[in-house]
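*Asks:* Next one to model:
(4 chains)
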Protein chains: 4
Amino acid sequence: MKAQEIILNEERNVTLTAYVQDAEGEFGFSKRPAMLVIPGGGYAMCSDREADPVAAAYLKAGYQAFVLRYTCTPKGKWPLPLADYEQAMTQIIENAEAWHIDADKIAVVGFSAGGHLAACAATVAEHKPAAAVLVYPAILKDICDLCQPGMPYPHEHVTSDTCPCFLVAARDDRTVDISNTLCMELALAEKGISFESHIYSYGGHGFSTGEDWIITNSVSSRLPDWISDSISWLGEIMGRFTRNGFTEPTAAVSMNADFTPILSVECSLNHLRKQSEEARMALAPMFAGIETIAKARGYSVEGLMAAVGNNTAREIMEMVQIPSETIHEIDAQLHGMVNALEA
Amino acid sequence: MKAQEIILNEERNVTLTAYVQDAEGEFGFSKRPAMLVIPGGGYAMCSDREADPVAAAYLKAGYQAFVLRYTCTPKGKWPLPLADYEQAMTQIIENAEAWHIDADKIAVVGFSAGGHLAACAATVAEHKPAAAVLVYPAILKDICDLCQPGMPYPHEHVTSDTCPCFLVAARDDRTVDISNTLCMELALAEKGISFESHIYSYGGHGFSTGEDWIITNSVSSRLPDWISDSISWLGEIMGRFTRNGFTEPTAAVSMNADFTPILSVECSLNHLRKQSEEARMALAPMFAGIETIAKARGYSVEGLMAAVGNNTAREIMEMVQIPSETIHEIDAQLHGMVNALEA
Amino acid sequence: MKAQEIILNEERNVTLTAYVQDAEGEFGFSKRPAMLVIPGGGYAMCSDREADPVAAAYLKAGYQAFVLRYTCTPKGKWPLPLADYEQAMTQIIENAEAWHIDADKIAVVGFSAGGHLAACAATVAEHKPAAAVLVYPAILKDICDLCQPGMPYPHEHVTSDTCPCFLVAARDDRTVDISNTLCMELALAEKGISFESHIYSYGGHGFSTGEDWIITNSVSSRLPDWISDSISWLGEIMGRFTRNGFTEPTAAVSMNADFTPILSVECSLNHLRKQSEEARMALAPMFAGIETIAKARGYSVEGLMAAVGNNTAREIMEMVQIPSETIHEIDAQLHGMVNALEA
Amino acid sequence: MKAQEIILNEERNVTLTAYVQDAEGEFGFSKRPAMLVIPGGGYAMCSDREADPVAAAYLKAGYQAFVLRYTCTPKGKWPLPLADYEQAMTQIIENAEAWHIDADKIAVVGFSAGGHLAACAATVAEHKPAAAVLVYPAILKDICDLCQPGMPYPHEHVTSDTCPCFLVAARDDRTVDISNTLCMELALAEKGISFESHIYSYGGHGFSTGEDWIITNSVSSRLPDWISDSISWLGEIMGRFTRNGFTEPTAAVSMNADFTPILSVECSLNHLRKQSEEARMALAPMFAGIETIAKARGYSVEGLMAAVGNNTAREIMEMVQIPSETIHEIDAQLHGMVNALEA
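*Replies:* Prediction:
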């Protein structure tokens, strides 16, 4: 393994530390996944406790690991940290071949203020990661403004383009209130973005990996699980990293296509019911199928529609056994129609 | 272990199944904790998949386990299920001695509609459990009204008397949307109630314990951890169950006393700052301590107060090294003042 | 779940407690695996600490669970405990249909003296279990004779008919020395029987499941893993228990067929080399393949044969790419030859 | 973290790769534990698969990590690899201060041939590690001679000075037969050395950390636990590594003092009974205590002595409630007597 410190901006003390493991030879694969670690520190510093120890955890899992030390006050202010992130991602992508990285499998993990930066990477950045791990992230106005006025509040910028997120926090965090994590999750839920979340009963703020040699106050016995759980989750989202390359992902990136520009059978029933007459006509076989089932089981049609309303049209059509060619045709029709988000 | 089915209401098919393990003799203790299992089924049935398999998990951990099969349509409607719960708790409490149970260590676990009932137990019931495990619970209007119009929405009834909660769900739940779990957590957060939460990337609805022999669709590999995690959490909240009795709890039941009737040093700084002049006068040593620190480190006083505002007065006074007798005196003064919740 | 105590022998206090869970209905399967729990106590008692708490762990995993309380001094002596075991197994097998049990998936778990009885079940009993979990088992002369002179020492009775074993102990066991577990493993190794073993640094004797509420002295933090590890192992040996029935086993029951009455391609190279000229002639294509590889890679033939000697003939022939029909023919020829064990 | 390759012997390609993490500053401690990784490869190569991926696991746990690439054929033969090990340890010890290492907390982990070298480090080396992790180690004559004739067979060199060992293997290892691991454990058991062992049902040879991206054949689902289990065990043996330094060890380094030059109350009853009349006289209060208990409970004195014979004199004297000053005096007397090992 090679360790290398790359200076991104000398004046502002911005560096990218690269930990690059071998590939090929005895290893069967040519490309590894990568993790960009973004430490916290209130945008006033980059904590060493949230840097190398975190990188080591992902190195163990076979990732190439990078630590970004971004612009902090008083050297500079937002949006410079975001620019530093974009520069770091550009470096990693440009060196993907040399560093044995699959450029489609670059994730980020950020802590506290670094969690804010990682959440911005997931939502407003140009170079979006494949997945973002947000650990006690700063999200809401109160804490963001306390760090640096003028920064975006990431939950307000979640769209259907936001990457899947894994959120970790302690309930008793006194520094970044747990409502930060919860509001980010609600925003992801509203836009149909895939996520996982572990909120532990106690652990305060700044527990990093939660291991004995890192923590400064007592943490729930379950808390140190988060890092291996995050690796397991990344394997579901990006595909598991094996000797023979990556497996197919098992977790969806989004729950439905309710927030994409055009309609499809991946939109939810609840959403499609609010669309144009034309769209509902195209879905006539689905509605007929629901009616048949409702009658057969003695349910009200409206009640059954409400009960399955969060399912996608595809899921419902498969349940009511509509042939796959028909589903395919309906999907093709829907693709010709604009998604009326405000319907 | 003895298994016993107790009929609570013959007409409405309400039963309490009791699994009672031995105590004393070779076991060193005389009292065990207890878990009341409340299966789901849309208030139209009580699912066997969420009954005995769940009881077995808590039996393994040394709990006495009970399964409540409550009133379902068409035999009866809300509030009968809540009345059934109260009756079950009364039975357990009255038999605590005979069943080797510590009546202060009775928890509940509920699933889906049973999760709604467990959440009502945690919030509006007369016999509150010591802790509630809510698994893909129905909380919000849409899903509650779909089951039975007229039921309470538990997140609207969270108060400072609500018991600590452990919430579990899958992100891709199509039946009870993940916003149900998130809104319950937000309500707990707002009232300062202790909780833990695990939301897994996928698993759908109705996964029960998540074991291979129970699940009907694929679940995230981490999902089956929830049940042992819940046992570990219960040990933090109620004290760990050992051969020599219960240890002291390590997790607080609430984050602060912001929502209790009278003031105390367990209220948060943010809350106390909004109270009467008299209260703020009593806390003068704390404010002086904050000012001293702010000056010493070159922070603005207002900025530092914002940064530590979620800490309790006790925590802050300990940080600024106010003697414990002084803290005790201040607490005594505050106890004479009414908490102005709407301040 | 039904709990039932069946009296096997009133005079000698022999009982079989049956914990029987439901099948079919909401559960997709008709048959469950079963676990027979055999507590310890020096053949002078049957410890409650190694009875129901152990049963509960396997119930949680979906097993039907049974506790055998066998003949103890002064009510009776060996071989009565073995006879009690046979009677218990007969009961379980005869009731397999009524109790929703797959009669091919009955395992045993025994502790200390009960571990001796379980090891006898695995080796000398008529009704062999599908797998045996041996927890700090008494195996060697010293401890066995101390309990009751005249009992078999199980490691002396391991044959190719012995069932796979899972062995658990603490290094610092003062009552049943760790050499008991090690000598049983050596015997299993010598006869090619599949096993798994976890020896923890400390935990003493009698830790049962190792949970806080059971243990009487401190145990290694890893020790309580044994019971879930045993369940995972049983799934490899007997097939994992799922809603849709049992999966195919992934672990072999034996390493090779070196100790079976006739020869086959499942015998190891080391073993086959000591057989008759006829057998070695039949295997000529394998020997030729080894020579080719040795020449190609510049190894000595003898060295390469030594290096792969623990592989079966089938494994080696697959490595040297002999066509499967040829392997099949060689296997047929070998089946006509007697295995000269003492060759 | 700094990565540095130190050339120990250019001609023989011997290198020590050092991965050194920071200390002090934001970290509360000044010294870390260290792990020396010794890859396998039949003394003909040093496998990359058993080098950096293993180092990363211990780095994550806060260790300083080192990889030793030792002399292999045809560059040189035994005892050169052992000399390389001694040189590597000398380097680490001499740089302990600069590399933030506690020189009393240096462990080794070796694989296959590297497991042989690590077992030699534990037994015959001058610079013994504090603990040795042996993964599918080559121990016995057959496999050792196959690698390089003339090497020691480590199980023959276990003495009371051997360090505690953690042994890992797969039951179905075709290359290094499981009897290698078992015979090493038996030797450790005979000399009273502390150990832990995990033998998994399957995984073959060369699984390294057992992670998906490393393994070349299928392994038991429990197998990848070994590395975190080894870290947990090292914490018991060397003390857990925390922010505030190392805790006290919780696991003994040896079971008793039966193989040390002089007698003490840490010798086992079985051993002391075979010593001189003088020693037995000194222990008269212990023997009297045993007799009293035997009478009170109706046991034979000989039977009770056999049952507790593996306990140390101290443990027995504490059980029979001999005052600690008396135990202290007896210990002082025994310290004046030579241990007759062959008694």
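*Asks:* Now do the lowest-mean-pLDDT helix or strand in chain A: which elements does it pack against?
*Replies:* One helix or strand of chain A scores below all others by mean pLDDT, DSSP states H and E: helix A:301-308, with a mean of 89. Using 3 or more C-beta pairs under 8 Å, 6 or more residues apart in numbering or on different chains; DSSP states H and E, the elements in contact with helix A:301-308 are helix A:284-297, helix B:141-147. In this view, the C-beta of every residue, glycine as well, is placed from N, C-alpha and C.
*Asks:* Quick check on the residue nearest to residue A:285 when sequence neighbours are not counted: phi, psi?
*Replies:* Among residues not flanking residue A:285 along the chain, residue A:322 sits closest, at 5.5 Å (C-beta to C-beta, 6 or more residues apart in numbering or on different chains). Recorded main-chain torsions at residue A:322 are phi -80, psi 130, according to degrees, to the nearest 10.
*Asks:* Count the residues that sit near residue A:341.
*Replies:* Neighbour count of residue A:341, defined by other C-beta atoms under 10 Å in any protein chain shown: 12.
*Asks:* do you know how far it is from chain C?
*Replies:* As judged by C-beta to the nearest C-beta, to the nearest Å, residue A:341 and chain C stand 39 Å apart.
*Asks:* May I see the buried residues of the least confident helix or strand of chain A?
*Replies:* A:304-308 (16 or more other C-beta atoms under 10 Å in any protein chain shown).
*Asks:* Quick check: which element contains residue A:109?
*Replies:* strand A:101-111 (DSSP states H and E).
*Asks:* Give the next helix or strand downstream of that strand.
*Replies:* helix A:113-123.
*Asks:* pLDDT of that following helix, averaged?
*Replies:* Mean pLDDT, helix A:113-123: 98.
*Asks:* by contact count, what packs against that helix?
*Replies:* Helix A:113-123 packs on strand A:32-38, helix A:80-94, strand A:101-111, strand A:131-135, helix A:141-147, going by 3+ C-beta pairs under 8 Å, 6+ apart.
*Asks:* Dump the third one to CSV, restricted to CA.
*Replies:* Only the C-alpha atoms of strand A:101-111 are listed here, as CSV (Å, rounded to 0.1, in the frame of the first residue of the first chain):
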residue,chain,number,x,y,z
ILE,A,101,-10.4,2.4,-9.0
ASP,A,102,-13.7,1.8,-10.6
ALA,A,103,-14.9,5.4,-11.1
ASP,A,104,-18.5,4.4,-10.7
LYS,A,105,-17.8,3.1,-7.2
ILE,A,106,-16.6,6.2,-5.4
ALA,A,107,-18.3,6.9,-2.1
VAL,A,108,-17.9,9.6,0.5
VAL,A,109,-18.1,9.5,4.3
GLY,A,110,-18.3,12.8,6.3
PHE,A,111,-18.5,13.7,9.9
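*Asks:* what's the nearest residue to residue A:99 if we skip its chain neighbours?
*Replies:* residue A:20 is the one closest to residue A:99 (C-beta to C-beta, 6+ apart), at 5.0 Å.
*Asks:* Look up phi and psi at the one you found.
*Replies:* phi -120, psi 120.
*Asks:* winner for burial among the helices and strands packed on helix A:301-308?
*Replies:* Most buried of those by mean neighbour count (mean count of other C-beta atoms under 10 Å in any protein chain shown) is helix B:141-147; its value is a mean of 18.
*Asks:* So which elements touch the helix or strand following it?
*Replies:* Scanning forward in sequence from helix B:141-147 by DSSP H and E, the next helix or strand is strand B:165-170. The contact analysis (3+ C-beta pairs under 8 Å, 6+ apart) places strand B:165-170 against strand B:131-135, helix B:179-190, strand B:195-200, helix B:226-238.
*Asks:* partner strands of strand B:165-170, parallel or antiparallel?
*Replies:* strand B:131-135 (parallel), strand B:195-200 (parallel) (DSSP bridges).
*Asks:* before we move on, the earlier item: could I get the helices and strands packed on helix A:113-123 as a markdown table with distance to residue D:340?
*Replies:* Below are these laid out as a markdown table (distance: least, C-beta to C-beta, whole Å):
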| stretch | distance to residue D:340 |
| --- | --- |
| strand A:32-38 | 60 |
| helix A:80-94 | 68 |
| strand A:101-111 | 61 |
| strand A:131-135 | 61 |
| helix A:141-147 | 72 |
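*Asks:* between the ones you listed, which gets nearest to residue D:84?
*Replies:* strand A:32-38 (30.0 Å; C-beta to C-beta).
*Asks:* Next, the angle from that closest one to strand A:131-135.
*Replies:* 40 degrees (axes from the mean of the first three to the mean of the last three C-alpha atoms, to 10 degrees).
*Asks:* tell me which strands and helices strand A:32-38 is in contact with?
*Replies:* Against strand A:32-38 (3+ C-beta pairs under 8 Å, 6+ apart) you get helix A:52-60, strand A:64-69, helix A:80-94, strand A:101-111, helix A:113-123.
*Asks:* before we move on, back to that, looking at the buried residues of helix A:301-308, spot the one nearest residue C:265.
*Replies:* When these are compared against residue C:265 (criterion: C-beta to C-beta), the nearest one is residue A:308, at 54.8 Å.
*Asks:* Skip the chain neighbours and tell me the closest residue to that closest one.
*Replies:* Per C-beta to C-beta, 6+ apart, closest to residue A:308 is residue A:316, 5.8 Å.
*Asks:* Over to residue A:179?
*Replies:* residue B:189 (5.3 Å).
*Asks:* How many residues are close by that neighbour?
*Replies:* With other C-beta under 10 Å as criterion, residue B:189 counts 20.
*Asks:* who's in contact with it?
*Replies:* The neighbourhood of residue B:189, defined by C-beta atoms under 8 Å, 6 or more residues apart in numbering or on different chains, consists of A:177-179, A:182, B:195.
*Asks:* Equivalent analysis for residue A:259, please.
*Replies:* A:159-160, A:191-192, A:339, A:341.
*Asks:* and if we set it to 7 Å?
*Replies:* A:159-160, A:191-192, A:341 (C-beta atoms under 7 Å, 6 or more residues apart in numbering or on different chains).
*Asks:* Read off the pLDDT value for it.
*Replies:* 90.
*Asks:* tell me the contacts of the closest residue to residue A:303 other than its chain neighbours?
*Replies:* Nearest residue to residue A:303, sequence neighbours excluded (C-beta to C-beta, 6+ apart): residue B:146, at 6.8 Å. Applying C-beta under 7 Å, 6+ apart to residue B:146 gives the contacts A:303, A:306-307.
*Asks:* which bits of the stretch 51-200 of chain A sit near chain D?
*Replies:* Within the stretch 51-200 of chain A, the positions adjacent to chain D are A:52, A:56-57, A:59-62 by C-beta under 7 Å from any C-beta of the partner chain.
*Asks:* Repeat the analysis, applying 6 Å as the threshold.
*Replies:* A:52, A:56-57, A:59-60, A:62 (C-beta under 6 Å from any C-beta of the partner chain).
*Asks:* Tell me which of the helices and strands packed on strand A:32-38 is the most buried.
*Replies:* helix A:113-123 (a mean of 29).
*Asks:* neighbouring contacts of that one?
*Replies:* A:38-43, A:81-82, A:85, A:108, A:110, A:129, A:132, A:134-135, A:137-138, A:147, A:154, A:157-158, A:162-163, A:165 (C-beta atoms under 6 Å, 6 or more residues apart in numbering or on different chains).
*Asks:* again, but for stretch A:214-229
*Replies:* With C-beta under 6 Å, 6+ apart as the criterion, stretch A:214-229 contacts A:49, A:53, A:57, A:168, A:198, A:200-204, A:207-211, B:222, B:229, B:232.
*Asks:* thinking again about what came up before, and of the contacts of residue A:259, the nearest to chain B?
*Replies:* When the contacts of residue A:259 are compared for distance to chain B (C-beta to the nearest C-beta), residue A:192 wins out at 10.1 Å.
*Asks:* okay, now that closest one: neighbour count?
*Replies:* 23.
*Asks:* My read is that it contacts residue A:258, right?
*Replies:* Yes: the pair residue A:192 and residue A:258 passes the contact test of C-beta atoms under 6 Å, sitting 5.5 Å apart.
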